[in-house]
Structure formats: structure tokens, C-alpha cells
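Trainee: What would the 3D arrangement of this be:
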Amino acid sequence: MGDGGQVSQVQILLTERCNIKCRHCAVPAEDSPASHEMSTTQWKAFLDAAAAAGTESVVINGGEALVRRDAIELIEHALAAGISWATLITNGMLFGNRAAAQIAAVQQRWPAFGVHVSVDGASAQTHDWMRGAGTFTRLLASVTRLRAAGGRVTGINSVIHRGNVHEFEDLAALAAGWGAEVLTVFPSADLGRGIALADTRLSRPVWLELYERARAVRDRYGLMVGIGGPVMADEWPEDENLVPRPRSERPDKVCIGPDGAVFTCPPLRWHQVGHVGDRCDQAGWTAIARRAARALDESCASCKYLLVCTNVDLDDPLRPRPGAFGMPARASVTTAGGYTATAGARPAAPVPIALSRRPGRDQGDSRISS
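Mentor: Next up is the predicted model:
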């Protein structure tokens, strides 16, 4: 399904409810257009259809996916249905005894089940500034429970900014210490609560240095390192002829909201390409995925969030500027139901700044995921 104008990965925002309230959250519950959440039965029917259509990978996140007790059940159902890879993205704070044992058991049966934990700093000072007082200590205790039960953390996701970029190597060491295989960092996007964090953006020199540092920790720890930034037009001067090179010209994935609405990415949340539910069979999902692929083809090349979705090619990180970057192009897609869905830089100082001096809102969970 990854070729021929299709998408190979489905990212499910299982819920937008969350146990914390991050400063950088791009999909906060208060901004959600979803009127309800699909049931366990509905999600299982969709996963069966997606597997039959050739979907290779499913990512389940939120909000915080583990506030729903069926999150791990759905992961296992996806793998049993024939989907090759399944990943849970979580803030890592809800690995209670039951959840830890359940995750460990499913990982033992299905080694392709990955758990990526969001860590926004390698210290309480940096992590708690983004996610709330005491969250770092609670995260460490929760991950300890998971690992004691036999579960594995396979990746760390982190939002990188002026206040924590100096801890990048420490994040890599934390990932390696947990036995994780992947470290992915993202910029703070101007979406949701993240709009208030404009003064924490990194500058072009800091991004360039970060690419070098990423190669170094990749070689040192054997990690797969993804750098999902900068946000073009926000963190990279528009008059620069060389810009970061994406790993691909568009992502090979599509998003589904809690109510089954299908959209290409969070910035285009309100521009839907379809809907899944009780009647979404293999043919129905194939048609929706093809519409999503067409929208991605039309929208991604000049989208300022392209690197967030594709990451930078660390081995050849710069290329000539292909054109101007901005909000995604508004690609019109006519759905089977007949309606038309429209899919569619001020540098910061390159040094850490005092967290206590930054503007902020209530603290809590993540940008596109936990």
C-alpha cells in the first residue's frame, strides 16, 4: 500500500483526553473538532479493513492513548490482523501494574510492538517546564515499572527548544540506557498551545549544529536518530539559498481523529479526506487512502511542516531551496460522498535561556502525540 499513490502508515489519535496539559500540545482537547470517540468495536473493524488493504504500520497516540483502557488491546488486534508494525506513543506516566504487565505480555507475543515515550528534557527542570511539576519523577518511576514487568521502551520523542537543546546528548544517553532504538526530536510548532512558544524556537546555526550532534550520538549509541525540524519559514531564514533536505518529498502516512475523521496531518485537521466507522471496509479504506495520498502529493512540497513529518536527511542535510515555504497548500479532494475537502522567521539566540523567564500556559501533553 506504500506505492501506487497510497499511504503505508496510519496514525490514530485514539483520544484527545490527557492526564496532563503540556505547553506545546498541537492537538489540545479544548481545540478538538471531534464530537465523540469511536468505540473499541469500531476501531477493530477499521484495523481489519486497513490490514486487508495492505497498511504496513499503525501508530496509536493522543492526547494520551492510555487513558483509554483498550489502547493495548487495539495494538494487539492490529498486529494479529496482519499489520507489520504497531507503535504506542505515550507520555509514559500511566504504566501502572496492569498496563505494564499488559504491554510486556503483548511485546513478548509481538516483538513488532514498539513503545515510544515523550521526554521533553533530560532533567526535571526542563521536562517539568513543558509538562508540569513532578512529571519527570513520575515518568522515571513509571518507566521503571514497565521495564521491571518485562516491557520495553523502544523510542524517545522530544520537543526541542532553546531551553533544552543543551541536553540533547543526555536525552540520547537516557534512550540508550532504557534500551531504546530510536530518538526523535521535533520543533515546537505554532499549533494549539504551541503558538505561545514562539520565543523558544531555535535558530538556523543551532539546527545546523544539532544535525552534527545527531550524527555523533547516532554513531556513539547505535540509535536511529530523527531530527524533525526546523519548521521552515519560522526557524530558517527565508533568504537562505540552502535549506534542510527531507528524507522524502512527502510523508507516507495519514491521520485519523478520535471520531474517525481522516486528514493528512494535524495542521490540516479541519480539511478532511474521508471518515471511517462501522461501514469502512477494505474498498472504502483504499479509496480514502488514495484521496489522502493525492492531497499529500499536492500539499507537502512547500509545507513549512514538511520536516516534522519526514525528518532531515542527516547524511546529506542541505539542498538548494526548492521554493517558498508556508502553510500547506489547499489541495481540493472530492470524496465519495460528493463533498469537497480542502487539504491544504525570526531567529532565536543560539544559547539556552532561563526557563523561568519564558511565557507559558498551563503545562501538559504533546504536540502531535503524547
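
Trainee: Look up the pLDDT of the residue lying closest to Ala29 once chain neighbours are set aside for me, please.
Mentor: If the residues on either side of it in the chain are set aside, Ala29 comes closest to Glu16, at 4.4 Å by CB to CB, 6 or more residues apart in numbering. All C-beta atoms are positioned from the backbone trio N, CA, C, and that covers glycine. Note on Glu16: pLDDT of 91.

Trainee: cool, Ala343 as well?
Mentor: 37.

Trainee: Now do stretch 34-42: distance from first to last residue.
Mentor: Counting by CA to CA, to the nearest Å, you get 15 Å between the two ends of stretch 34-42.

Trainee: and if you look at stretch 28-42?
Mentor: Terminal-residue distance, stretch 28-42 (CA to CA): 23 Å.

Trainee: Tell me which residues of that stretch come out buried.
Mentor: Applying a neighbour-count criterion of 16 or more other CB atoms under 10 Å, the buried positions in stretch 28-42 are Pro28, Ala29, Ser32, Ala34, Glu37, Met38, Gln42.

Trainee: likewise stretch 77-95?
Mentor: Neighbour-count burial for stretch 77-95 [16+ other CB under 10 Å]: 77-79, 81, 83, 85-95.

Trainee: Show me the two of the residues you listed that sit farthest apart.
Mentor: By the measure CB to CB, Ala81 and Met93 form the most distant pair in those, at 28.8 Å.

Trainee: Gly284 and Phe46 touch, don't they?
Mentor: No - taking contacts as CB atoms under 8 Å, Gly284 lies outside contact range of Phe46: 9.6 Å.

Trainee: Comparing the two, which shows the higher neighbour count?
Mentor: Phe46 (26 against 18; other CB atoms under 10 Å).

Trainee: Mind listing the shared neighbours of Gly284 and Phe46?
Mentor: Counting by CB atoms under 8 Å, 6 or more residues apart in numbering, the common neighbours of Gly284 and Phe46 are Val276.

Trainee: gap between Pro320 and Leu202?
Mentor: 22 Å (CB to CB, to the nearest Å).

Trainee: These two: which is more packed in?
Mentor: Leu202 (26 against 8).

Trainee: mind listing the strands for the chain?
Mentor: For the chain, the strands defined by DSSP state E occupy 9-13, 57-61, 85-90, 113-118, 155-160, 182-187, 224-227, 242-244, 253-256, 261-263, 274-275, 318-320, 331-334, 340-343.

Trainee: circling back: among the buried residues of stretch 28-42, which one sits closest to Trp129?
Mentor: Lowest distance from Trp129 to the buried residues of stretch 28-42 (CB to CB) belongs to Pro28, with 17.4 Å.

Trainee: and the residue nearest to that closest one when sequence neighbours are not counted, what does it touch?
Mentor: Nearest non-adjacent residue to Pro28, counting by CB to CB, 6+ apart: Gly192, 4.7 Å away. Contact analysis of Gly192 by CB under 8 Å, 6+ apart lists His24, Cys25, Ala26, Val27, Pro28, Asp31, Arg367.

Trainee: Just the buried ones from the residues you listed?
Mentor: Among the contacts of Gly192, those classed as buried by neighbour count (16+ other CB under 10 Å) are His24, Cys25, Ala26, Val27, Pro28, Arg367.
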